Structure formats: structure tokens, C-alpha cells
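> Okay, here's the prediction I keep looking at, along with the sequence it came from:
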Amino acid sequence: MAENENPITANPPAAAETAPAKGGPASEPGPARPEAPAPAEAAQPNRPKAAPPTEAAQPRGGERRERPGLRWRRRRGPSPRSGESQPPRPAPRGARPASTEWFQDLRQERLRFELEEIWNEGKLAYRWSGAITPPPPLVEPRGLSREQCLEIFRWMLLNRSLELQLENLYKQSQVVGGVYFGLGQEGCSVASAYALGAGDWMAPMIRNQGSLLVRGFRPRDIMMQYMARADSPTGGKDGTSHFGDLGPRRVIAPISMLGDLIPVMSGVCLGERLQGREIAAMTWIGDGGQSTGVFHEGLNFAAVQNLGLVLIVENNLWAYSTPLQKQTRIRDLAIRARAYGIPAMIVDGTDPFQVYQAAHQAVERARAGGGPTLIEAKLMRMKGHAIHDPAAYVPPPMLEFWRLRDPITRLEGWLKQKGWLEEGAAEALRREVDSETLAERDAAEASPMPPPERAFEGVYCDGCHQPRPRFLGRGGRRRPQAES
Ligand SMILES: Cc1ncc(C[n+]2csc(CCOP(=O)(O)OP(=O)(O)O)c2C)c(N)n1
Ligand SMILES: [Mg+2]
């Protein structure tokens, strides 16, 4: 398998078996000329009106400035979104990035609704106002074959089916802690990870069950993990999602402290670079997690070091019970990328094709030495923070609006309309996926609880290896040492 092909998987689904090797869309047709509008712009007649340029957003001095190692350039002409002139951007290392535009908005619709805070007899509630309109059709998938679109659809079904079984296991008291769901986020979780290749790395967050499946973990791994069984990836030492694989799947375990995966994944890119490789390292963060200091520190580090971080901001509009409006005054979290001089994209997170297109572009840029990309995916958390949370603070019409944007329903409708999913095929696929999940569940339940002594194993290094420096300074350069 080529270095940057998807490593899928330990247990590929039936659809995957027939799928050809995934190459992704053809590379972008070279860097856009500075004066050319973003490709997305022409396709987006519904762009919001240009905001007046703010002083802070203008590069100071307005003239071309030179700094050692960085070439600052001021673009003329309108930016794709706001009409402001472009911010200075560092020249990429190595090959040029796929696009020189700093911002792209791939969405087919703008979200126009308000959440109003209401206090009633000392109790806080939110009122939602907006029109409950149907969603636009999905964008055409760029560079994805029929088999690949069906494969993405199948991963999404498996993601949802797995979560249903997790809920059942929880209600049967088989789960040792809480359970976190990504209902409504399956398209984003699956399609973003689908853009990664075997040589890339990823670090999921708690709702990215779909990403884990795409990367080769089995539903039983996730179920056993939640049940703290002996055969789970952590051998029963963790009751949720803190597991990864430093081997072929190249998955860094999630860190509960929100934002901390950003510098860690930047470090992964740096480590790979020290060994002579430019790779993409993808991680996810929520709208709430974006408020942490380490988000800014980590992203800035990735930016100045030009590391291949691909940061997907899953803006699901709530951080526990805090709505986005109480988190920040900005509406588009993607604009934060501008402060760090890195490209950003906004996608409809319920359209898997938009997510894939943006992620693929960012991954290509990372591998070409073009540095980090921030992708904001707009979507909605359709359940509470975790299973214990009924999300009573979410106004029902808001859920209704987003229910119409269910990513599985949308993709299914698109596939049927395209003629890629024949009559009855979706139902057959659902049955097949559900029976796979049930078989996985049986296997998970068959795993015993770990023996108590296991608690003492693997906590500290118990002679499994001899610690020694992997890199030695020689003649001012660091060279990787061969593994012993
Ligand atoms: C630094 C830090 N602060 C607080 C928490 C507690 N916490 C866990 S999840 C969460 C909400 C996260 O919201 P968001 O980032 O929007 O992600 P979502 O749950 O919506 O996917 C909070 C506050 C934490 N884990 N880490
Ligand atoms: Mg959130």
C-alpha cells in the first residue's frame, strides 16, 4: 500500500471490499493567482454582505514587508468573504499549497437563526427563532467514486448503529462510566478521517466514533472500552475513549483536557519532519474547546513552524449547556485562523462531501509542506453532552431544524437520486450493518473483566525497554538513529 493511502482497515466492510484504492480528488489545479476569486466564491452566490474592514484586520503599514524566512505579501482585490484585503501569509516551505486563498466557504446555505436568553421565575431558558427550512442538496463529491461514496455512507450507518448499541449497553448497566454520542455528526466524523492516508496521523475527540471506525478500529473495540473489558484497547484500564494505536493505525489517544491535542499533534508533525517526512496530523475540537488558551498556543506553534496540522472545529453550537453565543461574539469560528496567518475553510458539517473536500485539500497541503489548516464544520449536537444529559436547555424548534439536516438522511437521499442506491438497497445495507454491530456486541460482551492484578501492570516502565535518546546531535544536525 502506498504511504499515503488509507490504511483501512482491520475489518473492512463488505462495501469496502469492492472499493478501488482511494486516491481522493485530483490535486487542485495549482495555486490560484492572487487576483483570482476563490473557486468557492463563484459557486456561492449567497455569500453574506461584505463586512466593513476593521482596523485590526488590516496588515499594519499596508505595504510589502520582508522578514527573514517569511515573505509577507499583501493581496489586492476583495477577499472571498468580506471584501477585506488579504492578511499577510508566510510563504510555504517546500511545495506550494493547493490554494493560496486564506479562506474558503464551501457551504450552500447560511444559518440564520437567533437564540434568545429568557429568564422565567429565576430559571434560564433559550428561545430559538428562525425558519425551519429544508436543506439544500449535497454538493457534488469531488474525486470520489460511487464505491467510495457508498463506503462513506456505510461507515456513517455503522457509526450510528454502534452508538445505538452503546446506549443499550449503558441502559443495561454494562457501561462503567458515561457514553458520549456524535448523533448528527457522523458525516463530519467519517468524511474527515476518510481523507487521511496511511502515513498520516489522527487524534479523535470523544464524539469521533466514526473516525475511529474509518481508521480501522472495530465496533467491539469501542464497546469493550466503554465496558472496561480485558480485551479492550486499554485492557480495561479506561472506561471511555482514551485509547489509540501508535502502530499502523497511527492514532493518538484523546486527551480530556480540551485543546491539548493541538500542540501534541503539532509535535507529531514536527517529529515526523525530524525524520524527513511531511505528513498531515488531524484532530478535532469543539466550539467550547476552542476557547482554551492551549488552542491558541498550539495553533500558533503549528503556524509558525508550518506544521501539517489539520484542525477540524466541530462547531455543534453547544458546549455542554453553553450555547455558542455565550462562548464568543464571533459567528464563524474559522476566522480565528486569520490571526495566525493560516488558511481556513467553512463547511456544512452535515454534508459529508463538503467535509471530505475540505479535509482532502488540507491534508494535501500539509503533505506538500504548506502548513496547517483550520476547518470549521457547522453542525448540531443532537443529543445531550453525554447520556446523562437530556439537553432540556435546547429549544425544540432548533432540534427540528437540524433533524432536517440529518447527515445520513441527506446522503441517502442524494445516493438514491443519483441512482447509486437502488430501491431497497439502503434498507438491506442497514440490516447488514445492524447485524454486524450485534455480532460485534456479542464479541465484546464475551470479553471478561480484567483480573485485578492488571491494575499494576503497564503503569510505569517495567523493563519493557531500555530508555535511550532516539536522536543524537551530530555536526549540528539531528539524525534519526536506527531502531535497535
Ligand atoms: C480544559 C477543559 N475545560 C473544561 C473541560 C470540561 N468539559 C468537558 S467537555 C466540555 C464541553 C465541550 O464542548 P465543545 O468543545 O463544544 O465540544 P462538544 O462536547 O460540544 O462536542 C467541557 C467544558 C475539559 N475537559 N477541559
Ligand atoms: Mg460543542
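Alright, I've got the coordinates. Ligands and ions are numbered 1, 2, ... in the order given.

> Up against ligand 2, what does the stretch 201-350 of the chain have?
Contact residues (CB under 5 Å from the ion) of the stretch 201-350 of the chain with ligand 2: 286, 287, 316, 319. Bear in mind the C-beta positions are built from the backbone N, C-alpha and C, glycine included.

> The first one reaches residue 320, doesn't it?
No. With the criterion set as CB atoms under 8 Å, residue 286 and residue 320 do not qualify as a contacting pair; they are 9.7 Å apart.

> mind listing the strands in this structure by residue range?
Ranges of strands in the chain, per DSSP state E, are 66-67, 70-71, 103-105, 113-120, 123-130, 201-203, 281-286, 309-315, 318-319, 322-323, 344-348, 373-378, 471-474, 477-480.

> Could you save those as JSON lines and add columns showing mean pLDDT, distance to ligand 1 and mean neighbour count?
Shown next, in JSON lines, are the strands of the chain (pLDDT from 0 to 100; distance: least, CB to the nearest ligand atom, whole Å; neighbours: other CB atoms under 10 Å):
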{"stretch": "strand 66-67", "mean pLDDT": "35", "distance to ligand 1": "33", "mean neighbour count": "9"}
{"stretch": "strand 70-71", "mean pLDDT": "38", "distance to ligand 1": "31", "mean neighbour count": "14"}
{"stretch": "strand 103-105", "mean pLDDT": "97", "distance to ligand 1": "21", "mean neighbour count": "25"}
{"stretch": "strand 113-120", "mean pLDDT": "94", "distance to ligand 1": "15", "mean neighbour count": "11"}
{"stretch": "strand 123-130", "mean pLDDT": "96", "distance to ligand 1": "15", "mean neighbour count": "13"}
{"stretch": "strand 201-203", "mean pLDDT": "98", "distance to ligand 1": "14", "mean neighbour count": "25"}
{"stretch": "strand 281-286", "mean pLDDT": "98", "distance to ligand 1": "2", "mean neighbour count": "27"}
{"stretch": "strand 309-315", "mean pLDDT": "98", "distance to ligand 1": "6", "mean neighbour count": "28"}
{"stretch": "strand 318-319", "mean pLDDT": "98", "distance to ligand 1": "3", "mean neighbour count": "22"}
{"stretch": "strand 322-323", "mean pLDDT": "97", "distance to ligand 1": "8", "mean neighbour count": "16"}
{"stretch": "strand 344-348", "mean pLDDT": "98", "distance to ligand 1": "16", "mean neighbour count": "28"}
{"stretch": "strand 373-378", "mean pLDDT": "98", "distance to ligand 1": "11", "mean neighbour count": "28"}
{"stretch": "strand 471-474", "mean pLDDT": "60", "distance to ligand 1": "31", "mean neighbour count": "10"}
{"stretch": "strand 477-480", "mean pLDDT": "54", "distance to ligand 1": "33", "mean neighbour count": "11"}
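
> Bridged to the residue of the stretch 201-350 of the chain found nearest ligand 2, which residues?
The nearest approach of the stretch 201-350 of the chain to ligand 2 comes at residue 286, 3.6 Å away (CB to the ion). Counting by DSSP bridges, residue 286 is bridged to residue 314.

> Now do the same contact list for the residue of the stretch 351-484 of the chain found nearest ligand 2.
Across the stretch 351-484 of the chain, the shortest distance to ligand 2 (CB to the ion) belongs to residue 381, at 5.9 Å. When contacts are counted by CB atoms under 8 Å, 6 or more residues apart in numbering, residue 381 touches 183, 184, 185, 207, 316, 317, 318, 391.

> contacting residues around residue 132?
Contacts of residue 132 by CB under 8 Å, 6+ apart are 397, 400, 401, 404.

> just the buried members of those?
The neighbour count (16 or more other CB atoms under 10 Å) marks residue 401 as buried among the contacts of residue 132.

> is it possible to export the contacts of residue 132 to a markdown table including pLDDT and distance to residue 312?
Output for the contacts of residue 132, formatted as a markdown table (pLDDT from 0 to 100; distance: CB to CB, whole Å):
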| residue | pLDDT | distance to residue 312 |
| --- | --- | --- |
| 397 | 98 | 27 |
| 400 | 98 | 26 |
| 401 | 98 | 22 |
| 404 | 98 | 23 |
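
> The contacts of residue 132 in helices, which ones?
Taking DSSP state H as the definition of helices, the contacts of residue 132 contribute 397, 400, 401.

> Helices of the stretch 251-400 of the chain, residue ranges please.
Secondary structure of the stretch 251-400 of the chain (DSSP state H, counting those that start in this stretch): helices at 261-274, 293-304, 324-327, 352-367, 396-403.

> returning to what we had before: and the contacts of residue 381, which is closest to residue 155?
Distances from residue 155 to those, taken as CB to CB, are shortest for residue 185 (12.8 Å).

> Could you check how far the closest one is from residue 411?
13 Å (CB to CB, to the nearest Å).

> Residue 361 now?
Noted for residue 361: a distance of 20 Å to residue 411, by CB to CB.

> need the contact list for the residue nearest to residue 146 when sequence neighbours are not counted.
Closest residue in space to residue 146, ignoring its immediate chain neighbours: residue 420 at 5.0 Å, by CB to CB, 6 or more residues apart in numbering. By CB under 8 Å, 6+ apart, residue 420 lies in contact with 146, 149, 150.

> I'd assumed residue 191 was in contact with residue 312.
No. Using CB under 8 Å as the test, residue 312 is too far from residue 191 to be in contact (10.0 Å).

> okay, and the common contacts of the two?
Taking CB under 8 Å, 6+ apart as the contact rule, residue 312 and residue 191 both touch 355, 359.

> Count the neighbours of residue 143 for me.
Residue 143 sits with 14 neighbouring residues when counted by other CB atoms under 10 Å.

> Touching, it and residue 364? I think so.
No. The pair residue 143 / residue 364 is not scored as a contact, 10.9 Å apart, by CB under 8 Å.

> Find the closest residue to ligand 2 in the stretch 1-150 of the chain.
Using CB to the ion, the single residue of the stretch 1-150 of the chain nearest to ligand 2 is residue 115, 13.7 Å away.

> How about that residue: which residues does it bridge to?
Counting by DSSP bridges, the residues bridging with residue 115 are residue 128.

> ok, it - contacts?
Contact analysis of residue 115 by CB under 8 Å, 6+ apart lists 126, 127, 128, 323, 325, 395, 398.

> now stretch 449-468: how far from the chain's centre is it?
32 Å (CA atoms, centre = their mean, to the nearest Å).

> Disregarding residues adjacent in the polypeptide, which is nearest to residue 398?
Residue 398 sits nearest to residue 128 (CB to CB, 6+ apart), 4.3 Å away.

> The helix of greatest length in the chain near ligand 1 at all?
Among the segments of the chain that qualify as a helix by DSSP H, the longest is helix 146-171. No. Applying CB under 6 Å from any ligand atom, one finds helix 146-171 separated from ligand 1 by no less than 13.9 Å.
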